[in-house]
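Engineer: take this sequence and fold it.
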Amino acid sequence: MDLQKFIRDVPDFPKPGIIFKDITPLLGNPEAFKVMIQSFADRYRSAGIKHVCGIESRGFIIGAALALELGVGFVPIRKAGKLPYKKIRREYSLEYGKDAVEIHEDAVAKGEKVILVDDLIATGGTAQAAVELLEEIGARVHEIAFAIELEFLQGVKKFAGRKVFCLLKY
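Structural biologist: Predicted coordinates:
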């Protein structure tokens with residue numbers, strides 16, 4: 001199945017000049033959504049993963065479905081101020097300022113193998129902050145996975161020496 005036909009371009013979002021790659025139509029189509037999750041699951045089924053970690057918010061959708069398919073736990077990596085328990089925080093730069101992500105300090109046991117999932121990699125700042133959080137709490141990041149890579153922004157270069165998988169590339 002050609003999953004790219006389920007990705008919608010939204011011009012000038014979130015600001016003028018940006019073409020946003022919207023996965024909502026893919027998520028809304030049960031066959032396409034299943035193919036996407038199965039594609040990820042087939043890649044990780046025998047990898048010994050203990051948790052799928054997803055970045056807020058679309059990474060939650062993909063990550064939670066993938067965790068269920070793999071029979072492992074799901075760990076949310078949230079925007080600042082959203083987690084109720086003891087947490088650690090990492091700031092990162094955006095093209096228009098700064099933001100931060102947080103994780104519960106006890107989200108995974110030390111040495112557990114995890115994958116990090118998000119819908120899209122652009123410049124890679126959010127995912128880089130998430131990897132740093134996971135490693136700070138003792139996780140072993142097996143691979144970083146994205147539904148979409150915007151190749152022209154070269155965000156994957158932030159992860160030189162790490163395993164990165166992107167299902168679709170633009």
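
Engineer: residues contacting Y85?
Structural biologist: 104-106 (Cβ atoms under 8 Å, 6 or more residues apart in numbering). The way it works is simple: take the backbone N, C-alpha and C, and place the C-beta from them, glycine included.

Engineer: hmm, try it at 6 Å
Structural biologist: For Y85, the contacting residues are H104, by Cβ atoms under 6 Å, 6 or more residues apart in numbering.

Engineer: could you list the low-pLDDT ranges of the chain?
Structural biologist: 95-96 (pLDDT under 70).

Engineer: residue most distant from the centroid, the chain?
Structural biologist: In the chain, the greatest distance from the average C-alpha position (Cα atoms, centre = their mean) is reached by P16, at 24.6 Å.

Engineer: tell me the SS of it?
Structural biologist: Three-state assignment for P16 (DSSP: H, G, I helix; E, B strand; the rest coil): coil.

Engineer: from D9, how far off is it?
Structural biologist: Distance from P16 to D9, counting by Cβ to Cβ, to the nearest Å: 15 Å.

Engineer: would you map the strands across the protein?
Structural biologist: Taking DSSP state E as the test, the strands found in the chain are 8-11, 19-22, 51-55, 73-79, 87-94, 97-104, 113-121, 140-149, 164-169.

Engineer: pull the longest helix from this structure.
Structural biologist: Scanning the chain for the helix with the most residues, using DSSP state H, yields helix 30-44.

Engineer: in the sheet, who's paired with the residue nearest to Q4 when sequence neighbours are not counted?
Structural biologist: Distance criterion Cβ to Cβ, 6 or more residues apart in numbering; nearest residue to Q4, sequence neighbours excluded, is L168 at 5.7 Å. Following DSSP bridges, L168 is listed with bridge partners I148.

Engineer: hang on, the earlier thing: tell me what the longest helix of the chain is packed against?
Structural biologist: helix 58-70 (3 or more Cβ pairs under 6 Å, 6 or more residues apart in numbering; DSSP states H and E).

Engineer: name the helices or strands packed onto the helix it packs on?
Structural biologist: The contact analysis (3+ Cβ pairs under 6 Å, 6+ apart) places helix 58-70 against helix 30-44, strand 51-55, strand 73-79, strand 113-121.

Engineer: of all the ones you listed, which one is nearest K86?
Structural biologist: Of all those, it is strand 73-79 that lies closest to K86, at 13.5 Å by Cβ to Cβ.

Engineer: how near is the residue farthest from the centre of the chain to R90?
Structural biologist: Taking Cβ to Cβ, one finds P16 at 29 Å from R90.
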